[in-house]
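Student: predicted model, plus sequence, below.
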Amino acid sequence: MSLLEQYAGRIGETVTSDWFEVDQARVNAFADVTLDHQFIHVDPERAAKETPFGGPIAHGFLTLSLLSHFAEATLPPLPGKVIGINYGFDKVRFLSPVRVGSRIRGKFTLARADERKPGQIQLVQSCSVEIEGSDTPALAADWLSLIVYG
């Protein structure tokens with residue numbers, strides 16, 4: 001069975017990662033790396049007083065970047081001499097803020113697997129990041145990956 005057929009056979013499958021706590025130290029480190037020190041992320045006292053969130057929230061891009069961690073921990077490993085390359089997103093929506101101290105997890109459903117050219121398969125994963133105890137996910141995205149093999 002070809003690699004494309006293997007991926008095509010998984011279309012519609014959903015996998016979910018373990019929970020992951022977003023703590024203030026991680027939010028602060030992300031703020032340092034991205035130079036985004038907006039008070040709603042890094043100043044717990046001010047965020048509690050001046051925002052509707054009741055305290056600091058994670059950066060949306062921090063939540064998005066954790067998809068890589070969730071995918072690595074959850075998706076089946078790539079076989080042999082195969083590499084996966086981040087190709088981008090068709091859609092990203094930030095639906096609900098992630099309050100510092102919350103636990104989140106990634107959920108992935110393989111939506112498409114198409115051969116781009118010999119030795120390359122483009123995958124589209126429908127992804128969400130769920131917040132423990134919330135009916136609304138933190139984000140929803142269509143994530144494109146390029147699988148290179150051969």
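Tutor: In hand now; what should we look at?

Student: is it true that I11 touches R112?
Tutor: Yes. Assessed by Cβ atoms under 8 Å, I11 is found in contact with R112 at 6.9 Å. Heads up, the C-betas are built off the backbone N, CA and C, glycines and all.

Student: element containing the residue nearest the centre of the chain?
Tutor: Central residue of the chain (Cα atoms, centre = their mean): L67, 2.2 Å from the mean position. Here L67 sits within helix 60-74, counting by DSSP states H and E.

Student: the strands in this structure, which residues?
Tutor: 14-16, 20-21, 83-94, 103-117, 120-131, 139-148 (DSSP state E).

Student: list the buried ones in the third one?
Tutor: For strand 83-94, the buried set under the neighbour-count rule, 16 or more other Cβ atoms under 10 Å, comprises G84, Y87, V92, F94.

Student: which among these gets closest to A29?
Tutor: F94 (20.0 Å; Cβ to Cβ).

Student: any idea how far G84 is from the closest residue to that closest one other than its chain neighbours?
Tutor: Distance criterion Cβ to Cβ, 6 or more residues apart in numbering; nearest residue to F94, sequence neighbours excluded, is G60 at 4.3 Å. Using Cβ to Cβ, to the nearest Å, G60 is found at 24 Å from G84.
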